[in-house]
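A.B. asks: Sequence first, then the predicted structure:
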Amino acid sequence: MRPIQMVDLKRQYTKIKSEVDSAIQEVLDTAAFINGKIVTDFATALSAYTGSKHVIPCANGTDALQIAMMALDLQPGDEVITPSFTYIATTEVVALLKLKPIFVEVDPKTFCIDPVAIEKAITPRTRAIVPVHLYGQSAPLQEILDIAARHNLYIIEDNAQAIGSSYRFPDGTVKKTGSIGTIGATSFFPSKNLGCYGDGGAIFTDDDTLASRLKMIANHGQSRRYYHELVGCNSRLDSIQAAVLNVKLKRLDEYIAARRAVADYYDKAFNAHPKIKTPYRAPYSHHVFHQYTLVLDGVDRNGLNEFLAARNIPSMIYYPVPAHRQKMFANFGGGNYHLETTDWLTERVISLPMHTELDDEQLHAISDAVLEYIK
Ligand SMILES: *Cc1c(COP(=O)(O)O)cnc(C)c1O
């Protein structure tokens, strides 16, 4: 059996090697390393794929979130509602911009932000909501859009884990996640569902005015060289990464199908077990399984993690410390929050290997080992 990895980028690369290599070679030959045509081609292709009118490539997913918040002209002290159960980048940029992160609960079934908790957290200073499509499944966007409309709030979708996923509105309309809120942000970190071979990210919006602000902010606040209208930053997707992404975007749906097949395998293996809760698939979302995350009840979760490791099977805890318990947020009232569901999940989740290259022999070994430990 081939060694099992959490993510197998090497094997995925060998299958597209000739195409990726010649795309990278083309960048080397033209020497257009920054802002080459290849970057605009990628943005155009991604816009067609997601249905988002404007796609602004940038340096990484964290920058994408930061630039989104900068473009909305939020003022110091303005409140931004985010889940605590997320990757740190979601909440970190809020604090970095001197805004106030307000941490709310997630739904224990979907791991995504709970609309009821959002509504309760709204104050006169609330300006934006950041739903995170955690593990690859859409947050319940219709409810969030309704709340935002009632209270005049912006929505910034953190789509770093869910590119290619979609949300089905109650009226049957289906839209890609990241293209639904005021602004969407995503990451092309190598292990993400659409990953490049370094850092990369993108920002999405349908709003023309916002799009030009986002573009300017990502480029030192200028639209005309050396004339700086806004305080911005330097956040670019380089041409070599765009070359890789052009090759991989064409395969994204195929990659998602491979991930979903892995999830189906795991579901079958674990569904009947009383101590294992397999990922809930919300009827309104197309789950793209960035992670396959189990919730264990009455099991020594960390013990399982070590048991698997001893058998050369990696597993991960996403995330071992929720945002409201991070030292970073001690001065933001982090210690005063009581987020029982978030804490409960933090102690019980475990993510199994999930990528496009897992074969049945590996999946068999992983699920056997899990079931051997849990019994
Ligand atoms: C990966 C990730 C980010 C940040 O992306 P980077 O490209 O690593 O900066 C933000 N939010 C979530 C939920 C993520 O998973």
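C.D. replies: Happy to help now that I have it.

A.B. asks: just the helices in the stretch 151-300 of the chain please.
C.D. replies: 208-217, 239-249, 252-270 (DSSP state H, counting those that start in this stretch).

A.B. asks: Please read the previous query as pertaining to the stretch 1-150 of the chain.
C.D. replies: 9-30, 37-50, 61-71, 88-96, 115-121, 141-151.

A.B. asks: which helices and strands does the first one pack with?
C.D. replies: When you say that, I think you mean helix 9-30. Under the contact definition 3 or more CB pairs under 8 Å, 6 or more residues apart in numbering; DSSP states H and E, helix 9-30 sits against helix 37-50, helix 239-249. C-beta here means a position set from N, CA and C on the backbone, and glycine is covered the same way.

A.B. asks: deepest of these, which one?
C.D. replies: Comparing the helices and strands packed on helix 9-30 by mean neighbour count (mean count of other CB atoms under 10 Å), helix 239-249 ranks first with a mean of 24.

A.B. asks: Tell me what angle it forms with helix 37-50.
C.D. replies: 30 degrees (axes from the mean of the first three to the mean of the last three CA atoms, to 10 degrees).

A.B. asks: hmm, helix 239-249 in reach of the ligand?
C.D. replies: No - interface with the ligand: helix 239-249 contributes nothing (CB under 6 Å from any ligand atom), its closest point being 11.2 Å away.

A.B. asks: I'd like the average pLDDT over that helix.
C.D. replies: Here helix 239-249 scores 98 as its mean pLDDT.

A.B. asks: again, but for stretch 347-367
C.D. replies: 98.

A.B. asks: And that stretch, what's buried?
C.D. replies: Applying a neighbour-count criterion of 16 or more other CB atoms under 10 Å, one finds 348-358, 362-363, 366-367 buried in stretch 347-367.

A.B. asks: Now find how far off-centre that stretch is within its chain.
C.D. replies: 20 Å (CA atoms, centre = their mean, to the nearest Å).

A.B. asks: burial of the closest residue to the ligand within the chain, as a residue count?
C.D. replies: With CB to the nearest ligand atom, the shortest gap between the chain and the ligand falls at G61, namely 2.5 Å. Per other CB atoms under 10 Å, the neighbour tally for G61 reads 27.

A.B. asks: residue contacts, it?
C.D. replies: 89, 160, 185-189, 192, 201 (CB atoms under 8 Å, 6 or more residues apart in numbering).

A.B. asks: Show me what from the stretch 51-200 of the chain comes close to the ligand.
C.D. replies: Checking the stretch 51-200 of the chain against the ligand by CB under 6 Å from any ligand atom, the hits are 60-62, 86-87, 89-90, 132, 158, 160-161, 187, 189, 199.

A.B. asks: Restricted to strands, list the buried residues of stretch 347-367.
C.D. replies: 349-352 (DSSP state E).

A.B. asks: Distance to the ligand for those - can I get that in TSV?
C.D. replies: Compiled in TSV, these are given as follows (distance: CB to the nearest ligand atom, whole Å):
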residue	distance to the ligand
V349	14
I350	17
S351	12
L352	17
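
A.B. asks: Of all pairs in the residues you listed, which one spans the longest distance?
C.D. replies: V349 and L352 (10.8 Å; CB to CB).

A.B. asks: what touches both of the two?
C.D. replies: 293-294.

A.B. asks: How many residues are close by R125?
C.D. replies: Neighbours around R125, by other CB under 10 Å: 13.

A.B. asks: wait, what's in contact with it?
C.D. replies: 77-79, 100 are the contacts of R125 under CB under 8 Å, 6+ apart.

A.B. asks: could you dump the residues you listed to a markdown table with neighbour count and pLDDT?
C.D. replies: Formatted as a markdown table, the contacts of R125 follow (neighbours: other CB atoms under 10 Å; pLDDT from 0 to 100):
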| residue | neighbour count | pLDDT |
| --- | --- | --- |
| G77 | 10 | 95 |
| D78 | 18 | 98 |
| E79 | 20 | 98 |
| K100 | 20 | 97 |
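
A.B. asks: Show the contacting residues for the residue lying closest to T86 once chain neighbours are set aside.
C.D. replies: Leaving aside its sequence neighbours, T86 sits nearest to V132 (CB to CB, 6 or more residues apart in numbering; 4.5 Å). V132 makes contact with 82-83, 86-87, 90, 112-113, 139, 158, 160-161, according to CB under 8 Å, 6+ apart.

A.B. asks: For ChimeraX, what selects the buried ones among those?
C.D. replies: Buried subset of the contacts of V132, written as a ChimeraX selection, criterion 16+ other CB under 10 Å:
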select :82,83,86,87,90,112,113,139,158,160,161
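
A.B. asks: out of the contacts of V132, which one sits closest to G333?
C.D. replies: T82 (13.7 Å).

A.B. asks: what's near enough to touch the residue nearest to the closest one when sequence neighbours are not counted?
C.D. replies: Nearest residue to T82 in three dimensions, chain neighbours excluded: V130, at 4.4 Å (CB to CB, 6+ apart). Contact analysis of V130 by CB under 8 Å, 6+ apart lists 65, 80-83, 90, 94, 155-158.
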